[in-house]
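# For reference, the sequence and a predicted model appear below.
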Amino acid sequence: MNRTTRSIGGMVACLALAANLLARPSTTDDDDPEALALQGRLAFENNCLMCHGAPIIESQRLTPEQWKASLAKMIDWGAPVPIEDREALLALLNARYGENVPPAKPGRITIAEAEASLGVHPAGSPTDAHVRGAELFALQCASCHGADARGSQVGTNLVEKPVLDRGDDFRRIVREGRRRMPGFKQSLDPSAEDALIGWLRRK
Amino acid sequence: MASGPNRREIMRGVIGGAIAVTLPQAWADDRPQLIVKGDSPLNAETPANLFTSYLTPVDRFFVRSHLGPPNAEAGDRGLSIGGLVRLRLPVELADVRRLERVTLPALLQCSGNGRASFKPVVPGVGWERGAVGNAEWTGARLKEILERAGIDPRAKHVHFLGADGPPNPKTPSYLRSLPIERAMDPATLVAYEMNGQPLSRLHGAPLRLVVPGWTGNHWMKWLREITVSTEEAPGFYQRTGYKMPKVPVLPGVTVKPEDMVSLTWLNVKSMITAPDPASPLGPGGITVSGFAWTGKGRIEKVEVSVDDGEWRTAQLHGPDHEGAWRMWRIPLKVEPGKHRVRARATDSSGAVQPDTTPWNKSGYLWNGIESVSFEVIRP
């Protein structure tokens, strides 16, 4: 793949991302509870679950004022919730996790399962591909994940993250995308995926 | 560890462990399970009935994560020391291991343990009873590391940064500091082992702070950078988070920043771990037992009351180390039927557990007297 093709790949990805963002309902009709619920759910998945799992929210029961304050804190910390989605997101939080909603039954996990979910130290990380990885990252990933890979408002920090120990998960996310991230299978082949993970592991 | 072999280990012994055998689910999943309060990053607490020994086994020990563990490779990157020191050094993990090896038992409790008991409700990880544990920690004294680096006499605070990077540049890093006196306390460790095993990633490998008697937010995991300074650490987690009103306020009252104080010492508290409310007891005598702890000082007394009757003094037993918890038990005779038992601890400063803990907006330091209900069945 030459540089031009790769650049086009990056542009396609950006367009896909834009399309993802536009997929949410663009206007909210207050009289349509279903549309408001859908808007809230998409706002939850696209913005809250970028950085953390759902149980930390599902396990809390808060007042409307507390959810509003929690959302303001998360926005201050970089959660990119569009202004027009905030009301729908708060409506969802209050309906599902309001102070009068019965508590959720928490999940259970063994320490062994939790350790396994982090991934293991990969034997023989690729070492020669990282120069190409740096170039690919700058072209394909940096616009969302930051030039230094430490994240931006639309993509999370990748430096020293456990997903780098889970090569299969990393490749699947790069190929297929996840939540607001588009898939890159059109522009990145398996050797490019290896180069990216090799470079990121050295960061 | 004190816990006996579980069924899976027995099966492994029987079959020799050499052949991969898929055990039926009911057999395979009898390992202790923690209660999930948050995933990715993991926040999980220990069910009270799993506290059965002086040292809490690693596979039963609660997990608190702010920003989540770094990947495995990041763990090999050592420690850097900077700021007001003579030698600004990167330190290899092997260097830390070459320093005097210190082992001590210490209780680790999240400052928000019991947050779910506050009324009105407060935001944050909804810990109930099990964000606490007692382990034997091994490591180097932080004091020795700082002395070898040569701290400047102007030093007043020591900053600590973990390798758990924030998800985006607007999210604050988990950056904290200790006042120099606490950093130089001989019991403050940079630990690399827990209960005689290498520290696990979930518990902060390769290095974490151990600050006996102080709330868990001081026990920095995945320790990456130490910076000696004249000021306390900047940023949310030191300057805004982990603070309490200097004097109790009514729920909902906004407190000025200058009227807030950083959490340091734990307060006196006890936990009833037996009887287990989920398991009815046979007729005859029962033993009520549990653990008690405090921050500064020692546990002097634990008292137990059944069905709001008189307070009776329980027997303290097992090891008695400052900074660790104390075991207690009391045999009781109770009639068949449903009962409610309460326990309250007193420490060496004379502090006694209150009926309820003053409300604070972040839900810290809950130590209200708890009650556990149980049933004794008829013969």
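Yep, it's here.

# if I look at residue B:247, how far off is residue B:356?
Taking C-beta to C-beta, to the nearest Å as the measure, residue B:247 and residue B:356 are separated by 16 Å. C-betas here are computed from N, CA, C, even on glycine.

# Looking at the two, which one has more neighbours?
For residue B:247 and residue B:356, the more surrounded residue by other C-beta atoms under 10 Å in any protein chain shown is residue B:356, and the numbers stand at 13 against 9.

# Would you mind listing what in the stretch 51-200 of chain B touches chain A?
Within reach of chain A by C-beta under 8 Å from any C-beta of the partner chain, the stretch 51-200 of chain B has these residues: B:58-61, B:63, B:68-74, B:120-126, B:163, B:165-172, B:200.

# same thing but at 10 Å, please
The stretch 51-200 of chain B comes close to chain A at residues B:57-61, B:63, B:65, B:67-77, B:115-116, B:120-128, B:163-172, B:200, as judged by C-beta under 10 Å from any C-beta of the partner chain.

# I'd like the list of these that fall within helices, please.
Among those, no member is found in helices (DSSP state H).

# Mark which of these are buried, thanks.
A residue is treated as buried here by neighbour count (16 or more other C-beta atoms under 10 Å in any protein chain shown); on that basis the buried members of these are B:57-61, B:63, B:65, B:67-75, B:115-116, B:121-128, B:163-168, B:170-172, B:200.

# got a list of what residue B:365 touches?
By C-beta atoms under 10 Å, 6 or more residues apart in numbering or on different chains, residue B:365 lies in contact with B:109, B:111-115, B:215, B:244, B:263, B:265-267, B:269, B:295, B:357-358.

# switch to 6 Å and redo it
When contacts are counted by C-beta atoms under 6 Å, 6 or more residues apart in numbering or on different chains, residue B:365 is found next to residue B:267.

# Repeat that for residue B:92.
With contact taken as C-beta under 6 Å, 6+ apart, residue B:92 is in contact with residue B:78.

# next one: residue A:164
Under the criterion of C-beta under 6 Å, 6+ apart, the contact partners of residue A:164 comprise A:200, A:201, B:71.

# Which parts of chain A are strands?
Read by DSSP state E, chain A holds these strands, from start to end of the chain: A:108-109.

# List, one by one, the residues from it near chain B.
When proximity is defined as C-beta under 6 Å from any C-beta of the partner chain, chain A approaches chain B at A:51, A:53, A:55-56, A:59-62, A:66, A:70, A:77-78, A:99, A:106-111, A:114, A:118, A:121, A:151, A:156-157, A:159-162, A:164-165, A:201.

# Which of these fall within helices?
Judged by DSSP H, the residues of chain A next to chain B include A:55, A:56, A:66, A:70, A:111, A:114, A:118, A:201 as members of helices.

# Surely the third one is in contact with residue B:123?
Yes: with the criterion set as C-beta atoms under 6 Å, residue A:66 and residue B:123 qualify as a contacting pair; they are 5.2 Å apart.

# Backbone torsions only: list them for residue B:85.
Its backbone dihedrals place residue B:85 at phi -130, psi 160, with angles given as degrees, to the nearest 10.

# same check, this time on residue B:314
Main-chain dihedrals, residue B:314, degrees, to the nearest 10: phi -90, psi 160.

# Verify the stated contact: it with residue B:330.
Yes: counting by C-beta under 6 Å, a contact exists between residue B:314 and residue B:330, whose distance comes to 3.9 Å.

# okay, the two: which has more neighbours?
With other C-beta under 10 Å as the criterion, residue B:314 and residue B:330 differ in neighbour count, and residue B:314 comes out ahead with 24 against 19.

# Tell me the bridge partners for residue B:304.
residue B:312, residue B:343 (DSSP bridges).

# and it, how many residues sit next to it?
Around residue B:304 there are 23 other residues, counting by other C-beta under 10 Å.

# show me what contacts it?
With contact set as C-beta under 6 Å, 6+ apart, residue B:304 has these partners: B:288, B:312, B:314, B:330, B:343.

# Which residue, other than its chain neighbours, is closest to the residue of the stretch 101-250 of chain B found nearest chain A?
Nearest residue of the stretch 101-250 of chain B to chain A, counting by C-beta to the nearest C-beta: residue B:170, 3.4 Å away. Excluding the flanking residues, the one nearest residue B:170 by C-beta to C-beta, 6 or more residues apart in numbering or on different chains is residue A:78, at 3.4 Å.

# Near the one you found, how many other residues are there?
21.

# got CSV for the contacts of residue A:164, with pLDDT and distance to residue B:142 too?
Formatted as CSV, those follow (pLDDT from 0 to 100; distance: C-beta to C-beta, whole Å):
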residue, pLDDT, distance to residue B:142
A:200, 93, 32
A:201, 89, 30
B:71, 90, 26
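
# now those as CSV including distance to residue A:83?
Supplementary listing: the contacts of residue A:164 in CSV, determined by distance: C-beta to C-beta, whole Å:
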residue, distance to residue A:83
A:200, 33
A:201, 38
B:71, 35
